[in-house]
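**Student:** only the shape, not the letters, is given here:
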């Protein structure tokens, strides 16, 4: 890392995501000092001079989204985890309660997960982060505030269980994965009333997210078994099997070899989702994004003005007609005197 002074536009400050020939060039900025100044009289746009440590790295990142209902998100996410088999994963939740419920639900389903947020003690947060950084924890569930400043390499997947309210947070979230030339995957769950926020994010990043088809339960099961087989191969390679040959032979004399392996696989795979129901409390949905005055109230005001103008014209015509009709009837019949 090198120390430098960089001048950037405020509206581009948050995203800092650029397309490169072999992937996306992400810039992580650690701000020491921000000095606000006017660029020039000719160009009055406010810019910021940032005195910082900047790290540049190339990455390959797949950004996907899935439109779903609130109560379906957890089961879909766990099936995705089973199929995609991430090595290190960060799951982002919007609130502290959400982080607690997600981490408990993942643990109940058999995943190696833990959560961090602002209500935990500093020691507890550091212990969780240490396990995650050392590879002793597979899934880290966090709020945006708790994950701020995280510098952990090797994160392969980011799941945005809740779409962030501001697009800048999204850029920071996905910046946790796909580092140092490795491929990363980001999945964002969006409820129907949050589609406007998704469009704003796509506009900021100048990249449309690929729609994601959720895997079925059968596909998730196949993914679990595949991961278990890989774990068994690693276990065999790292274990001194000679010490257990006598016990293994005794088992094979009593049981069929296929039954023994099947029981081992069953023990290493996670429980079926239907056997471990998990309820995640619905959070208050994000408010619908308000349109600008030019697109909303301003136009409605024009319409009201036009309507009132049209009605006034109609009323004026009616009054004129009444006057004219009144003049026609305003005459006196005089009889000629004899």
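**Tutor:** Now that the structure is in, tell me what you want to look at. Quick caveat, the model's predicted, so the values are computed rather than measured.
**Student:** can you pull out the low-pLDDT segments for the stretch 201-338 of the chain?
**Tutor:** 289-338 (pLDDT under 70).
**Student:** again, only using 80
**Tutor:** 271-274, 285, 288-338 (pLDDT under 80).
**Student:** what's the answer for the stretch 51-200 of the chain, then?
**Tutor:** Looking at the stretch 51-200 of the chain by pLDDT under 80, you get 51-60, 149, 179-181.
**Student:** recalculate using a threshold of 70.
**Tutor:** Using pLDDT under 70, the flagged stretches of the stretch 51-200 of the chain are 51-60.
**Student:** now do the strands in it.
**Tutor:** 89-92, 113-116, 139-142, 157-160, 183-190 (DSSP state E, counting those that start in this stretch).
**Student:** show me what the third one is packed against.
**Tutor:** The reference is to strand 139-142. Contact analysis of strand 139-142 by 3 or more CB pairs under 8 Å, 6 or more residues apart in numbering; DSSP states H and E lists strand 89-92, helix 96-108, strand 113-116, helix 122-134 as its packing neighbours. Any C-beta I mention is one placed from the backbone N, CA and C, and that applies to glycine too.
**Student:** can you tell me which of the ones you listed comes nearest to residue 199?
**Tutor:** strand 89-92 (19.3 Å; CB to CB).
**Student:** give me the residues contacting the helix or strand where residue 249 lies.
**Tutor:** Using DSSP states H and E, residue 249 sits in helix 245-254. Residues from elsewhere that reach helix 245-254, judged by CB atoms under 8 Å, 6 or more residues apart in numbering: 241, 260.
**Student:** hmm, back to that, can you put the helices and strands packed on strand 139-142 in JSON lines and add mean neighbour count and distance to residue 249?
**Tutor:** Listed next are the helices and strands packed on strand 139-142 as JSON lines, based on neighbours: other CB atoms under 10 Å; distance: least, CB to CB, whole Å:
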{"stretch": "strand 89-92", "mean neighbour count": "26", "distance to residue 249": "40"}
{"stretch": "helix 96-108", "mean neighbour count": "20", "distance to residue 249": "37"}
{"stretch": "strand 113-116", "mean neighbour count": "24", "distance to residue 249": "38"}
{"stretch": "helix 122-134", "mean neighbour count": "14", "distance to residue 249": "37"}
